[in-house]
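Asker: Pasted the sequence and its predicted model underneath.
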Amino acid sequence: MNRLPLSIFCALLLTTAVRVNAAQVSSKWPGPQGDTYRSIAKLPDWSGTWAKPDHVSPKGEGRPPEFSPPFRADYAPALRTQTTKANAEMCLPGGMPGIMGVPLGYEFLFTPGRVTILVEEGPTIRHVFTDGRAHSADPDLTFAGESIGHWEGQTLVVDTTAIRPKAQFFMGTKTSGQTHVIERIHLLDHEHMQVDTTVEDPVALTMPWHYTWTYVRSRVPFQESYYCDDDRDSNGEPNLEPPAPTH
Amino acid sequence: MPMWAGAFNHDILGIENGCGHSPALRAATTSRVMIARALGIAVTGLATFLATSTPSMAAPKRWAGPQGTTYASIEQLPDWSGTWAMPDRERSEFLISPAAAAPYLAGYAEHAKAPKANPALCLPTGMPGIMAVPLGFEFLFTPGRVTILSEEGPTIRRVFTDGRAHSADPDLTYAGESIGHWEGRTLVIDTTAIRAKSEYFRGVKTSGQAHVVERISRVDHDHMLVDTVVDDPGALAEPWHYSFVYIRSDTEFIESYYCDDNRDANGEPDLQPP
């Protein structure tokens, strides 16, 4: 007699478990995902311009990367900042993941279903889709790659693939075309933002490379910056002064 | 009357509706057009006077209606999501006035051969020409700002809608300094501080004194009207008024760098995996 209620109980439990599972699949991630402006209002405030301090190494804080032999040759010149292979020399953006480590400004724009990361360098525009889509089956390869994101509470997790091989880790060290980047971005406090990055590249790296950036909220407004601009002063900065009057 | 009707008013008045002819190269205009222009300016002035003298100006805010200063306010603005693109120049039937577009097309064909066009130097077209390239645009609404992304360059235009005025001593940039406000469903953008290297269209440069006023509105679900007046005393004999229409595009916004050597025979970037 006791068996029947037990089996009913088990069936109910199973049904509940399946329902919970289904709910998890449909909503995927708990908490606000910024799919509407109303939802965005519940996300942390990342407004303003952010920048990586100059003194932080372009390869980030953490263990150095372990390059595989064909990719190792460019590492030493990059460390000495004596490379001539940096994309900037060819008027091209650094691409992912190096683009996130340049000492220039960043902005994070939250619109429904997307976080757009603007980078002064290049300039580069990263579209991070937070609308629940999966990676494309046959994506085009780009400098910025294809980024899919979701919010885990106050942390934006960004998964980036489809990075073209011309994109660099930093200063001329190229990726392989098989790079996979996972970033976890969150505020430490009002003035500081931490970017934890793990890079997998089975061709260019012998093991996953983990490093961390800390951006600071900047008082300098975001500026435009084009590498091929010949209108630069002796420090390589663009000349933004008005021309002399023509009359 | 919808805000964008102003463009059609100019057509009715007989004013040449730009769309790219080269006023900088024109030495004179006919008196008929000048009279019509004066009439147009008077009409515009009257409209501006009426608009600015409405009782709503007594309100503490400079502009009536939602300005998108908060996410709740943005929800009341029109939906401009998606990618927008100007149709191919050959498909000029999408432009407001094909007749007005004809001289622009001729001018474009001539100047596209200019060796000093910015894209040939790996540089963006800059304002105001950037808005007329047949590539994708996006409009991102965040509190106090509309950000216009252009595939070409790429170029990022920051349009501040937080009520600020133009800077007293702005840096000159390709995108210029843009201050915007909403007049109902129309975004009005006032852009100055455009550097002299910026172009009207390929090879035809601005003077460093260009002043651009754009009125952007969605005509229907799939069409967006960009009505533009450019004043550039250093380059133009007179203010240049033109309009064009973007259509909603099914193509996703793609990245595009002019100095990329990985291009196919059509000049498009090679995006195939190795």
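Answerer: Perfect, thanks for sending it.

Asker: Where do the helices of chain A begin and end?
Answerer: A:3-27, A:37-40, A:69-72, A:75-79 (DSSP state H).

Asker: Now do the contacts for the nearest residue to A:P93 once chain neighbours are set aside.
Answerer: Closest residue in space to A:P93, ignoring its immediate chain neighbours: A:G122 at 3.3 Å, by CB to CB, 6 or more residues apart in numbering or on different chains. Just so you know, the C-beta spots here come from the backbone N, C-alpha and C atoms, and that holds for glycine as well. Shown in contact with A:G122 (CB atoms under 8 Å, 6 or more residues apart in numbering or on different chains): A:92-94, A:99, A:143, A:225-227, B:154, B:257.

Asker: got a markdown table for those residues, with pLDDT and neighbour count too?
Answerer: Formatted as a markdown table, the contacts of A:G122 follow (pLDDT from 0 to 100; neighbours: other CB atoms under 10 Å in any protein chain shown):
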| residue | pLDDT | neighbour count |
| --- | --- | --- |
| A:L92 | 82 | 23 |
| A:P93 | 84 | 27 |
| A:G94 | 89 | 27 |
| A:I99 | 92 | 25 |
| A:F143 | 93 | 26 |
| A:S225 | 73 | 18 |
| A:Y226 | 71 | 26 |
| A:Y227 | 64 | 22 |
| B:P154 | 87 | 24 |
| B:Y257 | 70 | 26 |
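
Asker: Make JSON lines out of those residues and add distance to B:P78.
Answerer: Listed next are the contacts of A:G122 as JSON lines, based on distance: CB to CB, whole Å:
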{"residue": "A:L92", "distance to B:P78": "36"}
{"residue": "A:P93", "distance to B:P78": "32"}
{"residue": "A:G94", "distance to B:P78": "36"}
{"residue": "A:I99", "distance to B:P78": "33"}
{"residue": "A:F143", "distance to B:P78": "32"}
{"residue": "A:S225", "distance to B:P78": "32"}
{"residue": "A:Y226", "distance to B:P78": "32"}
{"residue": "A:Y227", "distance to B:P78": "36"}
{"residue": "B:P154", "distance to B:P78": "24"}
{"residue": "B:Y257", "distance to B:P78": "31"}
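
Asker: What is the nearest of those to B:R218?
Answerer: Nearest to B:R218 among the contacts of A:G122: B:P154, at 23.1 Å, using CB to CB.

Asker: For the closest one, give its distance to A:P97.
Answerer: Distance of B:P154 to A:P97, given as CB to CB, to the nearest Å: 19 Å.

Asker: do the same with B:A165
Answerer: Plainly put, B:A165 is 39 Å away from A:P97 if you go by CB to CB.

Asker: In terms of neighbours, single out the busier of those two.
Answerer: The residue with more neighbours, out of B:A165 and A:P97, is A:P97; 28 against 9, by other CB atoms under 10 Å in any protein chain shown.

Asker: Any regions of chain A where pLDDT drops low?
Answerer: A:1-27, A:54-60, A:81-83, A:227, A:229-247 (pLDDT under 70).

Asker: And for stretch A:79-95, what's in contact with it?
Answerer: A:59, A:74, A:77-78, A:99, A:102, A:119, A:121-124, A:142-145, A:163-164, A:166-168, A:170-172, A:174-175, A:226-228, B:122, B:257-261.

Asker: List only buried entries from the residues you listed.
Answerer: The neighbour-count test (16 or more other CB atoms under 10 Å in any protein chain shown) marks A:59, A:74, A:77-78, A:99, A:102, A:119, A:121-124, A:142-145, A:163-164, A:166-168, A:170-172, A:174-175, A:226-228, B:122, B:257-260 as buried among these.

Asker: The closest residue to A:T155 other than its chain neighbours: what's it in contact with?
Answerer: Excluding the flanking residues, the one nearest A:T155 by CB to CB, 6+ apart is A:H186, at 4.1 Å. Applying CB under 8 Å, 6+ apart, we find A:H186 in contact with A:44, A:154-156, A:193-194.

Asker: A:H186 and A:M193, how far apart?
Answerer: A:H186 is 7 Å from A:M193, by CB to CB.

Asker: Helices along chain B, start to end?
Answerer: So, for chain B - with DSSP H - the helices run B:5-12, B:31-52, B:71-74, B:98-111.

Asker: And those, which one averages the lowest pLDDT?
Answerer: Ranked by mean pLDDT, the helices of chain B end with helix B:5-12 at the bottom, a mean of 28.

Asker: Contacts only, for residue 66.
Answerer: Picked chain A for this. Neighbours of A:E66 in contact, by CB under 8 Å, 6+ apart: A:205-207, A:209.

Asker: Switch to chain B, please.
Answerer: Per CB under 8 Å, 6+ apart, neighbours of B:P66: B:73-74, B:76-77, B:182.

Asker: For it, which non-adjacent residue is closest in space?
Answerer: Nearest to B:P66 is B:Q76, by CB to CB, 6+ apart, at 4.0 Å.

Asker: Report how many residues lie close to the one you found.
Answerer: By other CB under 10 Å, neighbour count at B:Q76 equals 12.
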